[in-house]
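Visitor: sequence first, predicted model second:
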Amino acid sequence: MAQRLALQRLLALPTRGPLASHGRAFGTSAGRRSTFNVQDGSDFQDRVVNSPKPVVVDFHAQWCGPCKILGPRLEKLVAKLDGKVLMAKVDIDDHTDLAIEYEVSAVPTVLAMKNGDVVDKFVGIKDEDQLEAFLKKLIGA
C-alpha cells in the first residue's frame, strides 16, 4: 500500500515548474546540492578527486547503525557551510573498490579531501562539536 501511494505521488509530480526544471523531484537547497551519492569510480574521480572545493567523503553501509546517525548529522553541518565544502556519500557494499583503495576497514569512515589528497580522516561516530571542528579544519576556518 505504501509503495502504491509513493508511486502515485511520483506520477503526480509536475512536468513543468520549479521541480520539473531540475529534472528531479527533490528540493534544491544548498544543502542538497552540496551532498551527493557517488555513482561509480569515474563519478568519484570527477566529483571528489578533481573537485576544486574540499570534499568530505562518508563511507557508509545501509546495515550500519552508527552510519545512520552520523550521515544526517554530517549532512546538516555541511549544508550550514553554504557550499564551502561538498559531501560525497559512498556505500561500501556498492563501491567495494573505492573502500579498498582508500583503506576503509570499518564504517563509518569519513575522509577529508583537498585537491585530490586525503588530508584528514576519522572512523566511528562523532558529536556535532567534533564534526564542526573537523569541517573547520578542512576549510581553513
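Guide: Cool, got the structure.
Visitor: and residue 129, what does it touch?
Guide: Not one residue lies near residue 129 by CB atoms under 8 Å, 6 or more residues apart in numbering. Any C-beta I mention is one placed from the backbone N, CA and C, and that applies to glycine too.
Visitor: hang on, it in a strand?
Guide: No. Residue 129: not assigned to a strand; according to DSSP: H, G, I helix; E, B strand; the rest coil it is helix.
Visitor: do a quick rundown of the strands in this protein.
Guide: For the chain, the strands defined by DSSP state E cover 35-37, 55-60, 86-91, 109-114, 117-123.
Visitor: highest mean neighbour count out of those strands?
Guide: Looking across those with neighbours counted as mean count of other CB atoms under 10 Å, the highest average goes to strand 55-60: a mean of 24.
Visitor: what angle separates that one from strand 117-123?
Guide: Put simply, strand 55-60 runs at 40 degrees to strand 117-123, going by axes from the mean of the first three to the mean of the last three CA atoms, to 10 degrees.
Visitor: for residue 94, see how far away residue 77 is.
Guide: 24 Å (CB to CB, to the nearest Å).
Visitor: make that residue 37, sorry
Guide: Noted for residue 37: a distance of 9 Å to residue 94, by CB to CB.
Visitor: now do the longest helix along the chain: which elements does it pack against?
Guide: Ranked by residue count under DSSP state H, the longest helix found in the chain is helix 65-80. Applying 3 or more CB pairs under 8 Å, 6 or more residues apart in numbering; DSSP states H and E, one finds that helix 65-80 contacts helix 30-34, strand 35-37, strand 55-60, strand 86-91, helix 128-139.
Visitor: okay, angle between that helix and strand 55-60 too, please.
Guide: On the basis of the same axes, to 10 degrees, helix 65-80 is oriented at 160 degrees to strand 55-60.
Visitor: only alpha carbons, please: show helix 65-80 as PDB.
Guide: C-alpha atoms of helix 65-80 as PDB (Å, rounded to 0.1, in the frame of the first residue of the first chain):
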ATOM      1  CA  GLY A  65      23.600   1.700  12.800                       C
ATOM      2  CA  PRO A  66      26.200   4.400  13.600                       C
ATOM      3  CA  CYS A  67      26.200   5.400   9.900                       C
ATOM      4  CA  LYS A  68      22.500   6.200  10.100                       C
ATOM      5  CA  ILE A  69      23.300   8.600  13.000                       C
ATOM      6  CA  LEU A  70      26.500  10.200  11.600                       C
ATOM      7  CA  GLY A  71      25.300  10.700   8.000                       C
ATOM      8  CA  PRO A  72      22.400  13.100   8.600                       C
ATOM      9  CA  ARG A  73      24.400  14.900  11.300                       C
ATOM     10  CA  LEU A  74      27.300  15.500   8.900                       C
ATOM     11  CA  GLU A  75      25.000  16.500   6.100                       C
ATOM     12  CA  LYS A  76      23.300  19.100   8.300                       C
ATOM     13  CA  LEU A  77      26.700  20.700   9.200                       C
ATOM     14  CA  VAL A  78      27.900  20.600   5.600                       C
ATOM     15  CA  ALA A  79      24.700  22.300   4.500                       C
ATOM     16  CA  LYS A  80      25.300  25.100   7.000                       C
END
